[in-house]
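Colleague: below: sequence and its predicted model.
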Amino acid sequence: MNSQIRDNDIIQQVLNGQKNAYAILVDRYKNYVFTLVLRYVNNRETAEELSQDVFVKAFRSLIDFKGNSKFSTWLYAIVNTTCLSYLRKKQEHVAFFEEAELIRLSENNGTDHHLSIAAKQNHQLIYRALERLPPADAQLLQLFYLAEQRIEEMALITGISANTIKVKLHRARNRLKDVLEQHFKEELQSYQST
């Protein structure tokens, strides 16, 4: 029954004083939030703590949710700011791409559920190349390809206009291509020949 209740209806219930209804949203989005947070921090315990922080912040800011975007997009913005704030405080390297997601980006043909050696090598190559990108570029690539956010949703999350997002995303793709060609040319050729 809970899966049939729309997010906006649940939010309205919470705002009308039915605080327990928030548990439905937490249950609905806990895996989504945890997966996103884990991409940033790459540590399960820290991801669990930060996920709880995200839900607390979302609860406290629920009055600010206007319904102009999906709740998941609004929640992603909270994940993004919470994780970036944490990483700045800890001065950790921002790991925007989780291993499983990068493997999906690699050239695995999808017919075999077991990753081939070549797919694992491609994954490692892409991951190393992404580490050389500026964090802003990696973030845009993550939002678009991994979180599968539309340009309009990315604009809401980042506070950057949709047109600017398009330009920056294009540049981020080109930078990734350049990094691959400049720093990993020999490895690319050996992977392509296998």
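Modeller: Arrived safely.
Colleague: residue ranges in this structure under the pLDDT threshold?
Modeller: 1-4, 91-127, 130, 142, 145-148, 188-194 (pLDDT under 70).
Colleague: number of residues surrounding Val33?
Modeller: Residues lying near Val33 (other CB atoms under 10 Å) number 24. Backbone N, C-alpha and C define where each C-beta goes, glycine included.
Colleague: how close does it sit to Val167?
Modeller: Val33 sits 29 Å away from Val167, going by CB to CB, to the nearest Å.
Colleague: same check, this time on Asp9
Modeller: 37 Å.
Colleague: ramachandran angles for Asn16?
Modeller: phi -90, psi 10 (degrees, to the nearest 10).
Colleague: so this structure: which segments form each domain?
Modeller: 2-90, 99-193 (automatic domain parsing).
Colleague: got the contact list for the closest residue to Pro134 other than its chain neighbours?
Modeller: Nearest non-adjacent residue to Pro134, counting by CB to CB, 6 or more residues apart in numbering: Arg175, 7.7 Å away. With contacts defined as CB atoms under 8 Å, 6 or more residues apart in numbering, Arg175 is in contact with 133-134, 137.
Colleague: just the buried ones from those residues?
Modeller: 133, 137 (16 or more other CB atoms under 10 Å).
Colleague: now render the contacts of Arg175 as a markdown table, adding secondary structure.
Modeller: Conversion of the contacts of Arg175 to a markdown table gives the following (DSSP: H, G, I helix; E, B strand; the rest coil):
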| residue | secondary structure |
| --- | --- |
| Leu133 | coil |
| Pro134 | coil |
| Asp137 | helix |
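Colleague: and the contacts of Arg175 as a markdown table, adding distance to Phe59?
Modeller: Shown next, in a markdown table, are the contacts of Arg175 (distance: CB to CB, whole Å):
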| residue | distance to Phe59 |
| --- | --- |
| Leu133 | 34 |
| Pro134 | 33 |
| Asp137 | 32 |
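Colleague: just the contacts of Arg175 now: which is nearest Ser69?
Modeller: Checking the contacts of Arg175 against Ser69 by CB to CB gives Asp137 as the nearest, at 23.2 Å.
Colleague: of all the contacts of Arg175, which comes closest to Ile63?
Modeller: Asp137 (33.8 Å).
Colleague: let me know whether the closest one touches Arg171 as I believe.
Modeller: Yes: under the criterion of CB atoms under 8 Å, Asp137 makes contact with Arg171 at 7.3 Å.
Colleague: and the nearest residue to Ala162 once chain neighbours are set aside, how far from Leu75?
Modeller: Closest residue to Ala162 apart from its sequence neighbours, by CB to CB, 6+ apart: Ala155 at 4.5 Å. Look at Ala155 and Leu75: by CB to CB, they are 16 Å apart.
Colleague: same deal with Gln12?
Modeller: 16 Å.
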